[in-house]
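**Q** coords below, sequence missing:
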């Protein structure tokens, strides 16, 4: 927010009124209203600091005479002080009010007042009230031990109650009321990044009542998802899956967040790409078909919108590799068939492609490639015009398992004997799926700048895969490395 924005003064007045209402009535309704506005208020604090840091303290007090009252009220609100990063922005704003070289008693008093507020923030959660001291001593606690112990017991109690709710099913006498669960999710919004509250966050995410509609607040899901994306909280994969299944916008945001990271990185840096994909937890979560279908649909849209950009293709293939590994690791006896994950593709084609090339001995890869070409041709010949079983579906499936196209190219590059044209057909279909049969025959390994870039990508992926599979081939590796360097110098 710019410091001269017409709405800035009105925003300050709005929040000043809000804070006045919140401090006058400490009811459940006001606490819930506070929690719902916390993320919006934190953004206001950030923008306030951006405006104040450009001015000296005298200018600030002249332009915003109520700024001191506003900041003082924030310092008195424990919900504001507990929220992630709010203390930081608040302290920065207060520091802007300090006069470095006070010229009169008024400026010195202002500095003293600001320092007092800063001390109050830093000691906001220290319990030194006389009554509390006497009470804790009577119970045999030291004051420094009482509050952490109280917090721990409260968290354990809430977690136990939520789990009993899950285990007891329809036994309503032991179940937490849906209204209380909803209220708890609202109150937890500013607390999701606090380590002590992590068990409550996990218990809420895995809570399953029998209500027809979701009882947890969307803002709770959004806060947890944001904290996960920024690595401010680390949750077990089961909790993350539950989050994304219960709140589709969070899954979509997590996928878009990954896309932004992948597209902004080096297009040929596949190892960095793999690290980012694994770190996102999306491949592991995609073992659940509903999550896989959502992520896969977003990849589909990205490919269509970018006209099959190499960066998106590479991201899809690395994601599929990580997904297949997670599927094999987590499901020794898979619960879902491949048809569940790829419902619009030919089942026989899906089965062949899913048998990743790494499982085929190096000297026996020609026959599977010829069989794959046969299945692809049959799928294209049997297509129904205008249906989802068209050429794009077969190509989209092949794009997931792009290692087969790389394998066909490897066979053509490494063999001295004349190889069947079916290998060229696979490559032509992979790089030009929109072409008709006759046009595809004319397109096969035609030299253009775009094809050169595709070859660069292929060589980089080949070297990457050889490293993963521990394939030696020093002669071929050196040739591929030299060719990669030569081609990169040309574009």
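**A** Received, thanks. Just so we're clear, the structure is a prediction, and the values are computed from it rather than from any experiment. Numbers count the residues shown, from 1 in each chain.
**Q** quick one, domains of the chain?
**A** 7-122, 143-246, 248-317, 337-440, 447-491 (automatic domain parsing).
**Q** Any chance of those in TSV with mean neighbour count and distance to residue 329 as columns?
**A** The way it works is simple: take the backbone N, C-alpha and C, and place the C-beta from them, glycine included. TSV is the format used below for the domains of the chain (neighbours: other Cβ atoms under 10 Å; distance: least, Cβ to Cβ, whole Å):
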stretch	mean neighbour count	distance to residue 329
domain 7-122	16	34
domain 143-246	16	12
domain 248-317	18	9
domain 337-440	16	14
domain 447-491	14	15
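**Q** Considering those domains, which stretch scores lowest in mean pLDDT?
**A** Mean pLDDT is lowest for domain 447-491 among the domains of the chain, at a mean of 68.
**Q** Which strands and helices lie in contact with the helix or strand hosting residue 112?
**A** In this structure, residue 112 is located in helix 105-122 according to DSSP states H and E. Contacts defined by 3 or more Cβ pairs under 8 Å, 6 or more residues apart in numbering; DSSP states H and E place helix 105-122 against helix 57-63, helix 67-75, helix 86-97.
**Q** who's in contact with it?
**A** 57, 61, 68, 71-72, 75, 81, 87, 90-91, 94-95, 97-99, 102 (Cβ atoms under 8 Å, 6 or more residues apart in numbering).
**Q** Could you identify the most distant pair in those residues?
**A** 81 and 102 (27.3 Å; Cβ to Cβ).
**Q** The helix holding residue 112 vs helix 86-97, what angle?
**A** 170 degrees (axes from the mean of the first three to the mean of the last three Cα atoms, to 10 degrees).
**Q** Helix 67-75 and helix 105-122, what's the angle between them?
**A** 20 degrees.
**Q** what about helix 105-122, distance to the chain center?
**A** 41 Å (Cα atoms, centre = their mean, to the nearest Å).
**Q** Check stretch 364-372 too.
**A** For stretch 364-372 - counting by Cα atoms, centre = their mean - the centre lies 38 Å from the chain centre.
**Q** from here on, count from 433
**A** Got it, first residue is 433 now, which makes that one stretch 796-804.
**Q** Contacts for that stretch next, please.
**A** Under Cβ under 8 Å, 6+ apart, the answer for stretch 796-804 is 781, 784-785, 787, 789, 792, 836, 839-840, 843, 851-852, 854-855, 858.
**Q** which residue ends up closest to the midpoint of the protein in space?
**A** residue 686 (3.0 Å; Cα atoms, centre = their mean).
**Q** now the helix or strand containing that one, how far from the chain's geometric center?
**A** Element membership for residue 686, per DSSP H and E: helix 680-696. The chain centroid and the centroid of helix 680-696 are separated by 6 Å under Cα atoms, centre = their mean.
**Q** before we move on, the earlier item: so which of the contacts of helix 537-554 is the closest to residue 666?
**A** For the contacts of helix 537-554, the nearest to residue 666 is residue 519 (22.1 Å; Cβ to Cβ).
**Q** thought the closest one was touching residue 513?
**A** Yes: counting by Cβ atoms under 8 Å, residue 513 is a contact partner of residue 519 at 5.8 Å.
**Q** Which neighbouring elements make contact with the helix holding residue 686?
**A** helix 650-661, helix 669-678, helix 702-711, helix 714-717, helix 721-737, helix 742-762.
**Q** Any chance of these in JSON lines with distance to residue 445 as columns?
**A** Formatted as JSON lines, those follow (distance: least, Cβ to Cβ, whole Å):
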{"stretch": "helix 650-661", "distance to residue 445": "24"}
{"stretch": "helix 669-678", "distance to residue 445": "37"}
{"stretch": "helix 702-711", "distance to residue 445": "43"}
{"stretch": "helix 714-717", "distance to residue 445": "43"}
{"stretch": "helix 721-737", "distance to residue 445": "42"}
{"stretch": "helix 742-762", "distance to residue 445": "47"}
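**Q** Those: which one's closest to residue 910?
**A** Using Cβ to Cβ, the helices and strands packed on helix 680-696 put helix 702-711 closest to residue 910, at 19.7 Å.
**Q** Now tell me what touches that closest one from outside.
**A** So helix 702-711 is contacted by 690, 693-694, 697-698, 715, 746-747, 750-751, 753-754, 892-893, 896 (Cβ under 8 Å, 6+ apart).
**Q** 10 Å instead?
**A** Helix 702-711 is contacted from outside by 663, 689-690, 693-694, 697-699, 701, 715-716, 743, 746-747, 749-755, 757-758, 889, 892-893, 895-897, 899-900, using Cβ atoms under 10 Å, 6 or more residues apart in numbering.
**Q** Residue 670 reaches residue 719, doesn't it?
**A** No: using Cβ atoms under 10 Å, residue 670 is not in contact with residue 719; the gap is 11.4 Å.
**Q** tell me, what's touching these two both at once?
**A** Counting by Cβ under 10 Å, 6+ apart, nothing touches both residue 670 and residue 719.
**Q** downstream neighbour of the strand or helix carrying residue 611 in the secondary structure list?
**A** Taking DSSP H and E as the criterion, residue 611 maps to helix 610-619. Using DSSP H and E, the helix or strand that follows helix 610-619 in sequence is helix 630-637.
**Q** tell me which strands and helices that following helix is in contact with?
**A** helix 575-600, helix 610-619, helix 650-661, helix 669-678 (3 or more Cβ pairs under 10 Å, 6 or more residues apart in numbering; DSSP states H and E).
**Q** how about these in a markdown table, adding distance to residue 462?
**A** Listed next are these as a markdown table, based on distance: least, Cβ to Cβ, whole Å:
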| stretch | distance to residue 462 |
| --- | --- |
| helix 575-600 | 21 |
| helix 610-619 | 12 |
| helix 650-661 | 17 |
| helix 669-678 | 28 |
